[in-house]
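Engineer: Sequence plus predicted model, see below.
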Amino acid sequence: MALVTLKELLGNIKDKGAVGAFSTYDLFTAQGIIAGAEKVNMPVILMIGSGPLSKPGNFEVGRLMVKLAQEAKVPAAVFLDHSKSFELCMKAIQLGFSSVMIDGSHLPFEENVALTKKVVEAAHAVGVSVEAELGALAGIEDGESVANAKVTDPKDAAKFVELTNVDAMALSIGNAHGLYKGVPNLHYDVLEETAKLIDTPLVLHGGTGLSKEQFAKCIDLGVKKVNIGTEIKRSFMDTFTNLHLQDKEAYDFVNIPQKAKEAVANTVEQNLRFFAEGWKFELK
C-alpha cells in the first residue's frame, strides 16, 4: 500500500464505521500497530503526541513511523496529535507526516480559528491533512494535564469548520484522556447535533475505558476516527513488566520487547475489528 493522508482514510469510510488512531512511542509500538492492522487488512493511523515527538532524539521516531507506513501492506497515515504550535506542525510535515492536529482548544474561539487556519493553509499547500479541536477534554495525556472539561457547542463547531476548512474535527462530549475515574458520561446530543450541522469527519479522543456500547453509539452518530492511547501503553508495559519479573536476572531485551510488540498488535487488531463495520476494505 502506501502512506496516505487522514482525509483519504476518512473519506473511504461508508455511512457507518471508524478508523483507529493508535499512540506510537518507539520502534516496537510502531511495528506492533502496523502488524495489528495487517493481520486484519485494515487501514490504520500511526499517531504520536506533540510531547513524545518533541523529546530529544524523537524526531527519528517520527521518521521511522513514516518509513514503516510507506512499507505497510495496508493504507497507513502518520499523524501528529495535539500540537499547540504552528512550528511543530511544520516540523512534522518536514519529517514526512501525512496529517497533523493543531490543538487551539485552550485558546479563545477567534484565536483558535486564526491558528488553525494558518496551519490548514500551509498544510493543504503540500497535501497534508489537518485535524483541529473545539472544546476541552479533561484528563492527562503524555504528561500534560487538563483539569476542566468544556463541552463543545455544535453551532460553534459548524462556524469553526466554515472558517478554517479543517479535514477532521475533534469534539469534547464528556470524553477524557487517560483512564476514566468512574463511568464516562458522554453527551451524545452534542455529537448528534454537530454531525447534522457539518460534513467534516468527527473525531473521538480518549477512547481507552469507553464501553463497546459507547463506542458503537458514537460511531453510529458520526464519529469517523477514534484515538486509542493509554490502552497501547498498558498493553506494552504490562506485558514487558510481567515477563521481566518472571526472570529478572535474564534482563531479556531481545524476546520480551517482541512479546510486548505482539501485545500491542493484538490490542490494535481487536479495536480495528470492532471499528470495521462500514469499511470498504475487506477483512481477511
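Structural biologist: Structure received.
Engineer: residue farthest from the centroid of the protein?
Structural biologist: Relative to the centre of the chain, and counting by Cα atoms, centre = their mean, the farthest-placed residue is residue 249 at 37.0 Å.
Engineer: Would you enumerate the residues in contact with it?
Structural biologist: Listed by Cβ atoms under 8 Å, 6 or more residues apart in numbering, the contact set of residue 249 is empty. Heads up, the C-betas are built off the backbone N, CA and C, glycines and all.
Engineer: Reduced to three states, what does it come out as?
Structural biologist: helix (DSSP: H, G, I helix; E, B strand; the rest coil).
Engineer: And for residue 125, the neighbour number?
Structural biologist: By the criterion of other Cβ atoms under 10 Å, residue 125 has 9 neighbours.
Engineer: Give me the distance between it and residue 45.
Structural biologist: Between residue 125 and residue 45 the computed distance is 22 Å (Cβ to Cβ, to the nearest Å).
Engineer: One more: residue 161?
Structural biologist: Relative to residue 45, and taking Cβ to Cβ, residue 161 is found at 20 Å.
Engineer: Settle it for me: which of these two has more neighbours?
Structural biologist: residue 45 (28 against 21).
Engineer: show me where the stretch 101-250 of the chain has helices.
Structural biologist: Under the criterion DSSP state H, counting those that start in this stretch, the stretch 101-250 of the chain contains helices at 109-124, 154-164, 188-197, 212-220, 230-246.
Engineer: any chance of those helices in CSV, with distance to residue 101 and mean pLDDT too?
Structural biologist: Shown next, in CSV, are those (distance: least, Cβ to Cβ, whole Å; pLDDT from 0 to 100):
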stretch, distance to residue 101, mean pLDDT
helix 109-124, 9, 98
helix 154-164, 13, 97
helix 188-197, 17, 94
helix 212-220, 18, 85
helix 230-246, 17, 97
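Engineer: Would you format those helices as TSV with distance to residue 79 included?
Structural biologist: Shown next, in TSV, are these (distance: least, Cβ to Cβ, whole Å):
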stretch	distance to residue 79
helix 109-124	12
helix 154-164	18
helix 188-197	21
helix 212-220	19
helix 230-246	14
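Engineer: Right, I'll call it a day here.
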